[in-house]
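Asks: Fold the following for me, if possible:
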Amino acid sequence: MSERTKLIEGFIAGSEWAGAKRSALAGDASNRRYERLQRGGETAVLMDAPPEKGEDVRPFVSIAHYLTELGLSAPRIWAEDAEHGFLILEDLGDDLFARVIPDHPDLEVPLYQAATDVLIRLHEAEPPSNLTRYSPEVMADLSALAWTWYKGGDASSEQMFRDVFAPILEHYAADHSVLIQRDYHAENLLWMPDRAGTARVGLLDFQDAMTGHRAYDLVSLLQDARRDVPPEIETAMIRRYVDEAALDPDAFQTAYAVLGAQRNLRIIGVFARLCLRDGKSHYIDLIPRVWNLMLRDLDHPVLAPVSSIVLNALPKPTPDYLQDLKQKCATTRTL
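Replies: Residues are numbered from 1 along each chain as shown. Now for the predicted structure:
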């Protein structure tokens with residue numbers, strides 16, 4: 001028995017879930033691991049987030065409390081050991097949007113409406129004062145991951161990209177007046193129809209929250225790396241958000257495109273890194289969808305200078321190029 005296994009058993013034994021039956025749950029792209037705890041007719045979720053692998057449960061706890069105080073459905077914290085990286089969380093169920101929609105296609109529009117309404121509600125509130133800003137500088141750095149990991153270098157075109165993209169981000173998407181969850185999409189949202197209003201949407205994976213532009217999480221929701229969101233739903237949800245928040249539609253649409261390009265470039269880099277560094281080759285299969293979303297964002301007129309640099313510098317995700325990335329899986333620790 002490993003030392004960490006002993007620590008987990010001790011943590012559970014010292015909680016109200018002592019003696020609970022344990023079963024594995026699907027993880028995510030991080031080093032976190034999850035189990036479902038069952039005791040009689042009740043369930044909870046164990047989060048195992050090893051600090052020695054760079055995980056820290058404290059931001060999750062802080063943001064979870066903030067969201068629940070707003071009446072949103074983040075998991076409540078039943079037990080906590082921040083030093084060793086353990087939490088026991090409220091179990092919000094298994095009905096991820098990504099699972100519900102294929103089985104109940106008639107719910108697709110209502111689910112996206114509910115998720116959009118969560119953002120409207122969240123953005124009415126003052127964000128926590130201790131969050132880091134998702135600044136133009138940070139966004140430019142993260143976009144450049146596409147050069148670092150997907151392309152594999154080319155300092156000259158990367159610097160040219162940064163020099164052109166950073167001022168565009170500063171001009172059109174520098175606002176940081178709301179909390180952005182940053183991974184707000186169908187694999188992290190749960191449908192909970194027994195609750196009312198915005199509480200019907202269960203929230204997961206928000207520990208990397210920052211302050212940023214109000215269009216960012218809408219991009220995350222509607223330009224989903226893992227599933228195709230119908231264009232008519234994307235258009236309708238943008239209009240729903242803009243109308244409810246009483247925003248200038250043209251300015252919002254421009255910010256949406258700029259942030260979409262930023263996010264999709266970052267994701268292309270992150271997915272390549274997950275393969276090359278972490279050995280998770282299946283993320284490579286998602287890159288073509290993200291690439292096509294990026295191309296659509298780059299069609300916006302304000303991004304014309306960026307578009308030419310990106311399309312000249314980054315290789316298209318052809319089957320051969322993607323296969324080459326897969327063959328290099330788990331071969332690169334750092335770049």
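Asks: Any stretches of this protein with poor pLDDT?
Replies: 27-29, 333-335 (pLDDT under 70).
Asks: please redo it, this time with the cut-off set to 80
Replies: Within the chain, the ranges that satisfy pLDDT under 80 run 1, 26-30, 153, 332-335.
Asks: quick one, longest helix in it?
Replies: Criterion DSSP state H: the longest helix present in the chain is helix 249-276.
Asks: so how far is it off the chain centroid?
Replies: 11 Å (CA atoms, centre = their mean, to the nearest Å).
Asks: which strands and helices sit next to that helix?
Replies: helix 136-143, helix 145, helix 155-172, helix 216-222, helix 231-245, helix 287-298, helix 304-313, helix 319-327 (3 or more CB pairs under 8 Å, 6 or more residues apart in numbering; DSSP states H and E). Every C-beta, even on glycine, is put in place using the N, C-alpha and C of the backbone.
Asks: Tell me which of the ones you listed sits most buried.
Replies: Among the helices and strands packed on helix 249-276, helix 216-222 has the highest mean neighbour count (mean count of other CB atoms under 10 Å), at a mean of 26.
Asks: re the thing from before, to R99, which of the helices and strands packed on helix 249-276 lies closest?
Replies: Each of these has some distance to R99 by CB to CB; the shortest is helix 216-222, at 16.3 Å.
Asks: which residues are in contact with the closest one?
Replies: 112, 115-116, 119, 134, 180-186, 229, 233-234, 237-238, 241, 256, 259-260, 263 (CB atoms under 8 Å, 6 or more residues apart in numbering).
Asks: tell me how far that helix is from the chain's mean position?
Replies: With CA atoms, centre = their mean, you get 9 Å for helix 216-222.
Asks: Over to stretch 115-124?
Replies: 16 Å.
Asks: Of all the residues in it, which ones are buried?
Replies: Buried residues in stretch 115-124, counted by 16 or more other CB atoms under 10 Å: A115, T116, D117, V118, L119, I120, R121, L122, H123.
Asks: For the last one, which non-adjacent residue is spatially closest?
Replies: So the one you mean is H123. V178 (4.3 Å; CB to CB, 6 or more residues apart in numbering).
Asks: Quick check: bridge partners of the one you found?
Replies: G212 (DSSP bridges).
Asks: ok, so what distance separates the residue nearest in space to the middle of the chain from D224?
Replies: For the chain, the residue nearest the mean C-alpha position is D183 (1.4 Å; CA atoms, centre = their mean). Shown here: D183 relative to D224, a distance of 11 Å by CB to CB, to the nearest Å.
Asks: what residues are up against A173?
Replies: A173 neighbours (CB under 8 Å, 6+ apart): P136, M139, H213, A215, A255, V258, L259, Q262.
Asks: From these, pick the one nearest L92.
Replies: Of the contacts of A173, the one sitting nearest to L92 (CB to CB) turns out to be A215, at 26.2 Å.
Asks: re earlier: could you tell me which of the buried residues of stretch 115-124 belong to helices?
Replies: Using DSSP H, these in helices are A115, T116, D117, V118, L119, I120, R121, L122.
Asks: Identify the residues contacting the nearest residue to L131 once chain neighbours are set aside.
Replies: Excluding the flanking residues, the one nearest L131 by CB to CB, 6+ apart is T211, at 4.9 Å. T211 sits next to P127, L131, T132, R133, Y134, H176, S177, V178, L179, I180 when contact means CB under 8 Å, 6+ apart.
Asks: just D56 next, same as before
Replies: Contacts of D56 by CB under 8 Å, 6+ apart are A49, A82, G85, Q207.
Asks: what about L92, which helix or strand?
Replies: In this assignment (DSSP states H and E), L92 forms part of neither any helix nor any strand.
Asks: Pop out the phi and psi values for it.
Replies: Per-residue torsions, L92: phi -90, psi 0 (degrees, to the nearest 10).
Asks: how deep is the closest residue to it other than its chain neighbours tucked in, by neighbour count?
Replies: Excluding the flanking residues, the one nearest L92 by CB to CB, 6+ apart is G202, at 3.8 Å. Using other CB atoms under 10 Å, G202 has 23 neighbouring residues.
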